[in-house]
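Asks: After the sequence you'll find the predicted model.
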Amino acid sequence: MRLLRLVAVAWWLQLKMRSRSAFDGLLSLLWPGFFATTIFMMFRQGDASGPALLSAAVGSSAMGIWSAVSTTAAFALQMERRQGTLELLVLAPQPFALLLVPLTLSMATIGAYSMVATLLWGRIAFGIDISIADPAAFVLAVIVTVFAIGMLGMLIAISSIRYRTAWALGSAIEMPVWLICGFLVAINDLPAWVRPLSAVLAPTWGVAAMRAAATGHSPWANLGWCLLTAASYGVIAVLVSRWMVHSARANATLALS
Amino acid sequence: MVRVAEPVIEVEELARTFHTRRGLFRRPGKEIEAVKGVSFAVERGELFGLLGPNGAGKTTTIKMLITLLLPTGGRARVLGHDVVKDARDVRGKVGYVFGGDRGLYERLSGLDNLRYFAELYGVPPRESKQRVGELLELVGLVGREKERVEGYSRGMRQRLHIARGLLHRPQVLFLDEPSIGIDPVGARELRVTVKNLVESGTTVLLTTHYMFEADELCDRIAVIAQGRIVAQGTPDDLKQQVTTGTVVEIEVFGLPDGVLEKVRAEPDVQSVAVDVQGQAQLLTVHAQPGADVTQAVMAHLEGSRFGRVITRQPTLEDAYIELVNAA
Ligand SMILES: Nc1ncnc2c1ncn2[C@@H]1O[C@H](COP(=O)(O)OP(=O)(O)O)[C@@H](O)[C@H]1O
Ligand SMILES: [Mg+2]
């Protein structure tokens, strides 16, 4: 209970903080708009229609969420370091990984705005029919996907506790994840050796669940896998962050000086 | 069961060396021995001062005690917990406040900053609201708490910092140069706040490079210079430990060449310092204990134009400067 409350309060305050920068706010709306436009136009040129376009809309909105998280998650701790608050986070008598959950979750939540924007944009500018077969399951799948992407972001963020330059990692894996998680292309079209990688990335299952709910298939198995992989990130993060914090104390990388 | 009062902070031969690495391939760079084996103990309820110039190793020492840095030598215990082995126990019981204007979330209000840290530091939800209110009262931010920290003055930020450090009712508070960059009035209010805290039973370890701050506040002081403790005791002890006799301060307009050396060579002169003050130079001469060197010094200055000449007893500041210079 205590932990849930911690995550909830911290998530809300982080969200407040993040949504207060007008410039960032604008960018987080514009970016997904560009992605979506590009993708819709490409699909159109390929004479895609109906379900294929809806699938593209779902995929490109997941891209928006992931982009909002991946690039900022790794940078977030660098920001905390600059502000002098990273040390204060480490001093909190909580597992460090837990403190990162609300952080990246708030980013994913902002990313979720972009999802709504993408779907609306698809509807208005491209006339994509966004009739969702099972709206309740779809909304649940979105929430679970946001959570899963937040957890993956946390895993990225952790490495920058110890390594001051690890923020570059976020940008480096932004696009590979689009591909590997099947946001736009079918995973079955990827080379066989990539598939295990897709399977351990929680967003893969989240997007699959969203698509299933949209088209009237059962999303539950995908949702289950999504939650399971996301939860396992939590366990990994707790272990890794313990080591990272220890190493940061040994190497004096918690502060800027 | 008889409980022997254990010191709240026990530090034995604590040391920390930094390795600076440069470049992509991590060529080993310089080694900096920031803290070279310091030992001291702080009793419950005490206000203990670590006094030293910039770069002396004060922050490094504090960060080892609050578990942000691992020592490279020696041991330290805070409230009986080892700072390496029982880091989590230490974290829950100590508060940390540092000077300057970092360490806050600029885009949040003061109130939200406190709410956030109250959650992080595990303040029970039922108490949280009341505790935040109490602390805003204590540091005098009531009425301004809903404004964003961006718009706070240095002094307000510092007070918010202190409130943050006290949220979880720490038994020991570490204050690292809390008065840096705030105006004299703010600094005085801060000292009053710190005194009140100590009166209410909190043990405080404070670092400062302001002598008078240490003199006014601290029960005991350790003077640290270049990573070593060079003296330790109550402010009065330190004044007495000083081996300097009377101090002569002479304001001279145009100090002739070579005079400094001649004064320094006087048998009863312990040390000489010159400080340029506008048009004049202020010559500060420390005599050996029991000696009076005023006449001898004046004799060397024959023909120069003087301002005021003062002969006085050594202050804690003289003691401090002497200790730091000798290190
Ligand atoms: N992370 C670090 N890496 C390398 N050198 C450091 C680091 N932190 C402090 N130092 C060096 O250690 C010495 C002591 O610093 P510090 O403890 O901050 O002094 P103080 O707080 O007394 O001003 C200084 O020479 C400083 O440059
Ligand atoms: Mg310092």
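Replies: Structure received. Ligands and ions are numbered 1, 2, ... in the order given.
Asks: Now chain A against chain B: closest residue?
Replies: Relative to chain B, the nearest point of chain A is A:G84 (3.1 Å; C-beta to the nearest C-beta). Bear in mind the C-beta positions are built from the backbone N, C-alpha and C, glycine included.
Asks: Phi, psi for the closest residue to B:R88 other than its chain neighbours please.
Replies: The spatial neighbour of B:R88 that comes closest, neighbours along the chain excluded (C-beta to C-beta, 6 or more residues apart in numbering or on different chains), is A:P93 at 5.8 Å. Main-chain dihedrals, A:P93, degrees, to the nearest 10: phi -80, psi 50.
Asks: about what we covered before: tell me the spacing between the residue of chain A closest to chain B and B:V139.
Replies: As judged by C-beta to C-beta, to the nearest Å, A:G84 and B:V139 stand 19 Å apart.
Asks: So those two - more neighbours on which side?
Replies: For A:G84 versus B:V139, neighbours defined as other C-beta atoms under 10 Å in any protein chain shown are more numerous around B:V139 (21 against 18).
Asks: Next, count neighbours for the closest residue to that one other than its chain neighbours.
Replies: Leaving out its chain neighbours, the residue that sits closest to B:V139 by C-beta to C-beta, 6+ apart is B:R159, at 3.8 Å. Neighbours of B:R159 under the rule other C-beta under 10 Å: 26.
Asks: Tell me where chain B is predicted with low confidence.
Replies: The model of chain B has pLDDT under 70 over residues B:1-4, B:21-28, B:242-244.
Asks: which residues in it form helices?
Replies: Assigned by DSSP state H, the helices in chain B fall at B:58-65, B:87-93, B:110-120, B:125-138, B:154-166, B:184-199, B:211-217, B:235-241, B:259-265, B:294-300, B:316-326.
Asks: Could you do chain A as well?
Replies: Remark: helices assigned in chain A by DSSP H are A:2-18, A:22-45, A:51-83, A:86-91, A:96-126, A:135-162, A:168-180, A:195-200, A:202-215, A:220-251.
Asks: Buried residues in the fifth one, which are they?
Replies: Think helix A:96-126. By 16 or more other C-beta atoms under 10 Å in any protein chain shown, the buried positions in helix A:96-126 come out as A:96-115, A:117-119, A:121-122, A:126.
Asks: what does the second one give?
Replies: When burial is assessed from 16+ other C-beta under 10 Å, helix A:22-45 yields the following buried residues: A:S28, A:W31, A:P32, A:F35, A:A36, A:T37, A:I39, A:F40, A:F43.
Asks: Enumerate every residue touching B:G99.
Replies: B:Q158, B:D176, B:E177, B:P178, B:S179, B:I180, B:G181 (C-beta atoms under 8 Å, 6 or more residues apart in numbering or on different chains).
Asks: quick one, phi psi at the third one?
Replies: Meaning B:E177. phi 40, psi 60.
Asks: Kindly provide the distance from the nearest residue to it once chain neighbours are set aside to A:G84.
Replies: Excluding the flanking residues, the one nearest B:E177 by C-beta to C-beta, 6+ apart is B:G99, at 4.0 Å. From B:G99 over to A:G84 the distance is 11 Å, taken as C-beta to C-beta.
Asks: where in chain A is pLDDT low?
Replies: For chain A, applying pLDDT under 70 flags the ranges A:22-25, A:27-29, A:257.
Asks: Any idea which residue of it lies closest to ligand 1?
Replies: Proximity of chain A to ligand 1 (C-beta to the nearest ligand atom) peaks at A:A252, 3.7 Å away.
Asks: Which parts of chain B belong to which domain?
Replies: For chain B, automatic domain parsing gives the domain ranges B:9-233, B:247-314.
Asks: Report the separation between the two terminal residues of the first one.
Replies: It refers to domain B:9-233. 16 Å (C-alpha to C-alpha, to the nearest Å).
Asks: And ligand 1, is it touching that?
Replies: Yes - counting by C-beta under 6 Å from any ligand atom, contacts between domain B:9-233 and ligand 1 involve B:F18, B:T20, B:I32, B:A34, B:G52, B:N54, B:G55, B:A56, B:G57, B:K58, B:T59, B:T60.
Asks: and which of those residues is nearest to B:G303?
Replies: Among the residues of domain B:9-233 next to ligand 1, B:N54 lies closest to B:G303 (C-beta to C-beta), at 39.2 Å.
Asks: OK, contacts around that closest one?
Replies: B:H209.
Asks: Get me the contact residues on the stretch 1-150 of chain A for chain B.
Replies: Within the stretch 1-150 of chain A, the positions lying close to chain B (C-beta under 8 Å from any C-beta of the partner chain) are A:2, A:5-6, A:9-10, A:13, A:16-17, A:20-21, A:82-85, A:87-94, A:99.
Asks: Swap in 10 Å and give it another go.
Replies: A:1-2, A:5-10, A:12-14, A:16-21, A:80-95, A:98-99, A:102 (C-beta under 10 Å from any C-beta of the partner chain).
Asks: Which neighbouring residues are in contact with the residue nearest to the spatial centre of chain A, exactly?
Replies: For chain A, the residue nearest the mean C-alpha position is A:I149 (3.0 Å; C-alpha atoms, centre = their mean). If you count contacts by C-beta atoms under 10 Å, 6 or more residues apart in numbering or on different chains, A:I149 has them with A:62, A:65-70, A:73, A:104-105, A:107-108, A:111-112, A:177, A:181, A:201-203, A:206-207, A:230.
Asks: mind redoing it with 7 Å?
Replies: If you count contacts by C-beta atoms under 7 Å, 6 or more residues apart in numbering or on different chains, A:I149 has them with A:I65, A:W66, A:V69, A:A108, A:P203.
Asks: list the buried ones in stretch A:239-250?
Replies: A:V240, A:S241, A:M244, A:V245, A:A248, A:R249.
Asks: near ligand 1, anything from that stretch?
Replies: No - residues of stretch A:239-250 contacting ligand 1 under C-beta under 6 Å from any ligand atom: none, with a closest distance of 10.7 Å.
Asks: Contacts for that stretch, please.
Replies: With C-beta under 7 Å, 6+ apart as the criterion, stretch A:239-250 contacts A:V90, A:P95, A:F96, A:A97, A:I158, A:I161, A:R162, A:L254, B:L68, B:L69, B:L70.
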